[in-house]
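>>> Could you work out the structure for the sequence below:
(3 chains)
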Amino acid sequence: MKKTLLALAVLGAYAGVASAQSSVTIWGVVDLSINQIKNGDAKTTSMQSNQLNSNRLGFRGTEDLGGGLSAGFHLEGAMSNQDGNAGGLTFQRRSTVSLISQQGGEIRLGRDYDPSFWNLVFFDVYGANGIGQGLNLITTLGSGASTLARTNNSIGYILPGNLGGIYGQAQYALGQGNNNNKYWGARVGYASGPIDVAFGYGQTETNNPDKFKIMNIGASYNLGVAKILGLYNQNKNGALKENFYELSVSVPMGQGEFKAGYANVKEKGLPAGVDADANQWALQYIYNMSKRTALYGGYSQLDNDAASARSILGGTAQSNLAGHKSSGFNVGVRHSF
Amino acid sequence: MKKTLLALAVLGAYAGVASAQSSVTIWGVVDLSINQIKNGDAKTTSMQSNQLNSNRLGFRGTEDLGGGLSAGFHLEGAMSNQDGNAGGLTFQRRSTVSLISQQGGEIRLGRDYDPSFWNLVFFDVYGANGIGQGLNLITTLGSGASTLARTNNSIGYILPGNLGGIYGQAQYALGQGNNNNKYWGARVGYASGPIDVAFGYGQTETNNPDKFKIMNIGASYNLGVAKILGLYNQNKNGALKENFYELSVSVPMGQGEFKAGYANVKEKGLPAGVDADANQWALQYIYNMSKRTALYGGYSQLDNDAASARSILGGTAQSNLAGHKSSGFNVGVRHSF
Amino acid sequence: MKKTLLALAVLGAYAGVASAQSSVTIWGVVDLSINQIKNGDAKTTSMQSNQLNSNRLGFRGTEDLGGGLSAGFHLEGAMSNQDGNAGGLTFQRRSTVSLISQQGGEIRLGRDYDPSFWNLVFFDVYGANGIGQGLNLITTLGSGASTLARTNNSIGYILPGNLGGIYGQAQYALGQGNNNNKYWGARVGYASGPIDVAFGYGQTETNNPDKFKIMNIGASYNLGVAKILGLYNQNKNGALKENFYELSVSVPMGQGEFKAGYANVKEKGLPAGVDADANQWALQYIYNMSKRTALYGGYSQLDNDAASARSILGGTAQSNLAGHKSSGFNVGVRHSF
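Modelled structure (predicted):
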């Protein structure tokens, strides 16, 4: 899935004299699928990216500084390959520089994933991608916070890998004139053998009077014949509260893999009689032609209560969706490099 | 012209353990030229890209899946190097993922060239680039179709290379809310020794009442001392019709190459007395310093009838061009990598 | 700091047959810092790029054409890594194709640095980057000229390296409908042992009645224990004149380096009683963890006279700055690859 390009450092722009071996890694994912989705009465057929894994192109590398220290950079941009990535290549998935100590952990600066997002990825069997992801049900409650997945201007600390299964990270992100990005959060977990459990918390100042707060707990257990995942997430914005849980499972089947998930969200603090709850169930089958190339297909159905207008496919038109079903299936191919 | 970067797949983002050899190819073209163009009475001098070959930067690779199967990706973006590619790097020239069978052909998803475009490239001695290209005369008849060269959201099938000289492809592109991109088309050809002949057809739904239809036939014959190319193209949009033909020739001369072409277009279905016909002739000389680097110069002249405002250089201001000549020359350098 | 990727030229898009060895170099800089700046009474804390070196990602290569000739391309884009380079990857730092003769010099086409900028880089100890750079004081006098650092559509000539220490270059840039880019300029210098001295001049047509003219002289002397740099720059636009000088010094200290600078600017030709002069002093310490990775910190203070609103950090809000101080410090990490 990733390539390390053999590289030779040169002593100047046009010198061409090899002086030290180093490496730049270029890697990415092209994932394209055909999606037939029904949002209420509106049926659409569309080609989409990101349905098994997130489309991306990236450049990264590390430098050994000696004494257990290293430095590294990571530039990773999303791609919408169905339209030639018409929005242009940015590195908004991640764009960081790091100083890493094997003993003391990593300090990381830049645009990065935030700690309170990772449980939504690792304890959802769909990895926060596609029509089956639990994330289809999660909102920022109109808070304006832009920090659900990532923050700009962030300073992060990541625990080292030598803590006997305990892992974790903390992050502070500067608002820099935009409080929707002013964030702090932390995550701590424990992984050992078949078990993995983690807790995450984050809060965002926002440009509105109320903070946006997110708290989640996830756990997974690998039975061998199946891996079971559980996730609970609570979002808050003033009096509004969103309680979400998801149960999902993956079952390896030779070169293939079967996945299923059920997720449920309840909104609290709405005016009396307003019901914005929803639930979703989803199935997926993946056939791995190789480690890098897979065919996949899935089905998902999301039931909206009267005041919920959630969709299994964010990018499609969904007028009059409130109180209606969103459902559909896709088939696709994912190639990573 | 293309580089295959030696690459090693690693087992995880920071694992750094080499496990399998793979490859990412980075390639591209930087072609810059000085163009002195007279559109009617307006003379402009400008630096332009794309005059011998299309400027581009790309990333691609293939993975051998065994049993004659492979998977591949192709990301290729245009560049306007005279202004530092101010519009940003996209992959709108091509952005695809493919599954390829040596016996059965290739299935390709994404943004791609469409089948009805290729004859306009391969049977024009200028390869659909620059002030001499026949494409200067071809329009989409105000239909709004965005599919002359490429489509978004496309599903393509390409015949395998084992059919005794017969080649071909078919493509369907989803509208996805924009019927100017809703397209289907096909191309079939035969190449053997000095001869190459092909037929192409495509039609686009468009956001207007009428479909845009394109049909073309091309043939070339390589005499050794010269290669002769012929191309006929007919575009239709409701009652409007555009009949185009082009004859062109290339003559190898040691390290150099001489090219000449004549093209003619006639518009049908216009109101009585409206004449939007035009013709163009063009000459070019290319001096190959190496396979990758060439110097070139050319001259082109386009004669517009009263209601035609075609130009040999699309990007320049052309007020009052209708009924006037567009002519000029350029000199440039093309470097591919 | 730079990598040459081992690369193999292939004979066609999908041939996969290695035929000739060539090279594409990928290189870049990720530099991120925390900046606490006070502009007048407004204090801001922000993460910034470009404070020690300019953030960038680039692709380049050269081809040996034999007989002392070579061809090359250079694509280099800026990055704002704190926000994931939200503006998208362009190659506006430089985007050129070159033909190079060891004996005769280099001809270069595209978007490039202009000759009158280099003295502002090489004779400023901060290399025209960050809160301490002399460039914080230099303006284009409201002329609209976009040519202070670079030009689009440029044709450049660079002297060969065999002239006994004399170096130089000249450039002409086409306006192409925008006279703010219509420029010519030249630079000539002499470097030998510890001494380096250079003169630069440039003028831009502009879209206004008056030309923008820039003239500068710089010199440096390397004493071993310290390097001393001096720079004088004069900008003109009609009756307006801006006289700038800067003295700066760098002192190597083991793995570290200490830098200090003082710069002063005086505006002439303003209405009587209007004083837009300013001065700036700055300190910086750099600790090199390796050739590629450095930690740094600095302080800078800029004193504005009543009609000057210059800032040590361009991108921050600076309302009511006229006549007030701009000051602050930063700490950061720069990693190049």
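>>> Pass me the low-pLDDT residue ranges in the stretch 201-337 of chain A, would you?
Within the stretch 201-337 of chain A, the segments meeting pLDDT under 70 span A:315-319.
>>> In it, which residue sits closest to chain C?
With CB to the nearest CB, the shortest gap between the stretch 201-337 of chain A and chain C falls at residue A:205, namely 13.6 Å. (Glycine included, C-beta is placed from N, CA and C.)
>>> Now do the phi/psi pair for that residue.
When read as degrees, to the nearest 10, the backbone of residue A:205 gives phi -60, psi -40.
>>> Quick check: it touching residue A:182?
Yes - contact criterion CB atoms under 8 Å: residue A:205 and residue A:182 qualify, at 3.8 Å.
>>> what is in contact with those two at once?
Jointly contacting residue A:205 and residue A:182 under the rule CB atoms under 8 Å, 6 or more residues apart in numbering or on different chains are residue A:175.
>>> just to revisit the earlier point, and the residue of the stretch 201-337 of chain A closest to chain C, how many neighbours does it have?
As a burial measure, residue A:205 scores 19 neighbours (other CB atoms under 10 Å in any protein chain shown).
>>> Please report the distance of it from residue B:229.
65 Å (CB to CB, to the nearest Å).
>>> same question, residue A:123
61 Å.
>>> These two - which one has more neighbours?
Shown here are residue A:123 and residue B:229; by other CB under 10 Å, residue A:123 has more neighbours (28 against 23).
>>> State the distance from the closest residue to that one other than its chain neighbours to residue A:128.
Leaving aside its sequence neighbours, residue A:123 sits nearest to residue A:218 (CB to CB, 6 or more residues apart in numbering or on different chains; 2.9 Å). Taking CB to CB as the measure, residue A:218 falls 12 Å from residue A:128.
>>> what about residue A:155, neighbour count?
With other CB under 10 Å as criterion, residue A:155 counts 19.
>>> wait, it sits on residue A:109?
Yes - applying CB under 8 Å as the test, residue A:155 and residue A:109 come out as touching, 5.9 Å apart.
>>> how far is stretch A:88-96 from where the chain is centred?
Relative to its chain's centre, stretch A:88-96 lies at 14 Å (CA atoms, centre = their mean, to the nearest Å).
>>> Next, work out how far apart residue A:128 and chain C are.
Applying CB to the nearest CB, to the nearest Å, the value for residue A:128 to chain C is 18 Å.
>>> Secondary structure element holding that residue?
Residue A:128 is part of no helix or strand, with elements assigned from DSSP states H and E.
>>> got the contact list for it?
So residue A:128 contacts A:117, A:120, A:121, A:134, A:135, A:149 (CB under 8 Å, 6+ apart).
>>> excluding its backbone neighbours, what's nearest it?
Per CB to CB, 6+ apart, closest to residue A:128 is residue A:121, 4.5 Å.
>>> Next, give phi and psi for the one you found.
phi -90, psi -50.
>>> Tell me, what's the model's pLDDT at it?
pLDDT for residue A:121: 98.
>>> What is the neighbour count of it?
Neighbour tally, residue A:121, other CB under 10 Å: 18.
>>> these two touch, right, it and residue A:138?
No - Residue A:121 is beyond contact range of residue A:138, at 11.9 Å (criterion: CB under 8 Å).
>>> What ranges does the stretch 51-200 of chain A have for its helices?
A:118-122 (DSSP state H, counting those that start in this stretch).
>>> got the residues of it near chain C?
Residues of the stretch 51-200 of chain A lying near chain C by CB under 8 Å from any CB of the partner chain: A:59, A:61, A:63, A:65, A:69, A:71-73, A:75, A:77, A:87-97, A:99, A:109-111, A:150, A:152-155, A:174, A:176-177.
>>> Give me the subset of the residues you listed lying in strands.
A:59, A:61, A:63, A:65, A:69, A:71-73, A:75, A:77, A:94-97, A:99, A:109-111, A:150, A:152-155 (DSSP state E).
>>> can you list residues touching both of residue A:155 and residue A:109?
residue C:47.
>>> Find the closest residue to chain B in the stretch 101-250 of chain A.
residue A:161 (9.2 Å).
>>> still on that earlier bit, and the residues of the stretch 51-200 of chain A next to chain C, which are buried?
A:59, A:61, A:63, A:65, A:69, A:71-73, A:75, A:77, A:88-97, A:99, A:109-111, A:150, A:152-155, A:174, A:176 (16 or more other CB atoms under 10 Å in any protein chain shown).
>>> Please list which of the residues you listed are also close to chain B.
Answer for those near chain B (CB under 8 Å from any CB): A:88, A:89.
>>> Got phi/psi on the closest residue in space to residue A:175 that isn't next to it in sequence?
Spatial nearest neighbour of residue A:175, excluding adjacent residues (CB to CB, 6+ apart): residue A:182 at 3.2 Å. Torsion angles at residue A:182 (phi, psi; degrees, to the nearest 10) stand at phi -80, psi 110.
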